[in-house]
Every structure is written in structure tokens, then in C-alpha cells.
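Peer 1: With the input below, show me the fold.
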Amino acid sequence: MQRLATTVRLNRSVLQFDDAAHSLLERYLAESAGLLEGDPDPQEILSDLEQAIADQCTRRMRADQTVVTLAELEPALEEIGTVQNPAASVAAGSSTRSAARALEQVSENAVVSGVCAGLGRYFGFNVTALRVLTVVLLFLSCGGVLLVYLALMLLMPYAPLPPAHPPLRWLPAKCRSLMEFLRTKFHLAAS
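Peer 2: Predicted coordinates for the structure are as follows:
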């Protein structure tokens, strides 16, 4: 008896891979997880990576095809490339950190506008912990943090969206379009 395919869940997608493609996929994801060691939010990056792999493989499959083979997986992984760890530049020093990564709002997986995600990515903080701290400070400051957050929303530029990124959730998309409108209206440099 020979196993023909392995069913794999990649973030929100479920695909079947033949043995050779499954082995390559496991190696690629294990290497990527190793490269992300020390990153503040590796699980989020790995989830996005898994979804990108699933999307690329699905795009390359024929209509009658049900199993992903090396013919679809290899070019998909080549197009995606290797994972780059921004935390490696943090270890080299703060001057390297500021040169490698700008202070920007990150709209991908944002809850409101992406300010906490941007601050977490820039300073190397855990994004979830930063969001919890912001909510606690909101209550302790009787809403004063809200003014700081709104100012940061208006002044911090947005990180560019990757071309293959799924659409933003409703609130981050609305915040982003509103802030871009206000920046244009008031001739602010950030965009």
C-alpha cells in the first residue's frame, strides 16, 4: 500500500500534497520558523506565509487537479522567496534598526489603524502586549491615551501593502482611507 497524498491545512486553506511536495513544504516551513526565531510575532508571519503558499499553489493548479505536486510548489516557493527576519537587524543595534525599518502604521491584521502593530514592529515589542498596555493606559489616563493614539494615526505614515495581500478588514481600511484623506486635505507630508 502506498500513500498518494497528504492533506495539509495552510492557514485558511486545505490542500492535498504528494509525498515529494509535502516533504519540501515541511522543510521550507521549518526553515522559515527557524529564521523567525526572536521575531516579536512569528506565528502571524508564518500564518501569512502559509496562506501565500496556498494561494500560489492553487493559482498554479489545473482545474481538474486535486493534488499539489513539485511542479506547482517549487515555482510558488521560488516566487515567495525566503523569509527575512527584521529582528536580526534589532540585535545589531538601534541605528541599524532605524535604518532598516521606518516607524509606520501596519494595516495588515490591524485592529483599529495599525499604530500598535507599527510601534511593536519598530521597537521589537510583542504587538498583543502593546495593545493590552494601550487599553490599560486608556482607562488609567481617563481617555488621554486616545488623543495620543489619534495623533499617531494622523502623523505616522502607513507601511505599503504587499501586492498579494488579502483585503483589509473594515475598520483598518476605513481608518487608512480617512487618514489619507485628512493628510491630503491638510497637506501633511506623511502618506
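Peer 1: domain assignment for this protein?
Peer 2: As assigned by automatic domain parsing, the chain contains the domains 6-80, 89-185.
Peer 1: mind checking pLDDT for residue 121?
Peer 2: pLDDT, residue 121: 87.
Peer 1: Quick check on it: phi, psi?
Peer 2: phi -70, psi -40 (degrees, to the nearest 10).
Peer 1: Now for it, how many residues are close by?
Peer 2: A count of nearby residues for residue 121, using other CB atoms under 10 Å, gives 24. Bear in mind the C-beta positions are built from the backbone N, C-alpha and C, glycine included.
Peer 1: Does it touch residue 106 like I think?
Peer 2: Yes. The criterion here is CB atoms under 8 Å, and residue 121 meets it with residue 106 at 5.9 Å.
Peer 1: one step back: comparing the domains of the chain, which yields the minimum mean pLDDT?
Peer 2: domain 89-185 (a mean of 82).
Peer 1: Residue 184: how many residues sit nearby?
Peer 2: 10.
Peer 1: what comes into contact with the longest helix that the chain contains?
Peer 2: In the chain, taking DSSP state H as the definition, the longest helix is helix 42-60. Helix 42-60 is contacted by residues 10-13, 15, 25, 28-29, 32-33, 36, 39, 68, 71-73, 75-77, 79-80, 83, 108-109, 127, 164, 166 when judged by CB atoms under 8 Å, 6 or more residues apart in numbering.
Peer 1: which residue packs closest to residue 161, ignoring adjacent ones?
Peer 2: residue 107 (6.4 Å; CB to CB, 6 or more residues apart in numbering).
Peer 1: Show the backbone phi and psi for the one you found.
Peer 2: Taking degrees, to the nearest 10 as the convention, residue 107 sits at phi -80, psi -30.
Peer 1: Stretch 163-174 spans what distance, first to last residue?
Peer 2: 19 Å (CA to CA, to the nearest Å).
Peer 1: Enumerate the positions of stretch 16-35 that are buried.
Peer 2: 17, 18, 21, 22, 25, 28, 29, 32, 33, 35 (16 or more other CB atoms under 10 Å).
Peer 1: Residue 155 and residue 82, how far apart?
Peer 2: As judged by CB to CB, to the nearest Å, residue 155 and residue 82 stand 34 Å apart.
Peer 1: So if I had to pick from the two, which one is more boxed in?
Peer 2: Neighbours per residue, other CB under 10 Å: of residue 155 and residue 82, the larger number sits with residue 155, 15 against 11.
Peer 1: Relative to residue 77, how far out is the more buried one?
Peer 2: For residue 155, the distance to residue 77 - CB to CB - is 39 Å.
Peer 1: Would you mind pulling the contact partners of the host helix or strand of residue 154?
Peer 2: Assigned by DSSP states H and E, residue 154 falls within helix 144-155. Here helix 144-155 makes contact (CB under 8 Å, 6+ apart) with 105, 112-113, 115, 119, 134, 137-138, 175, 179, 182-183, 188, 190.
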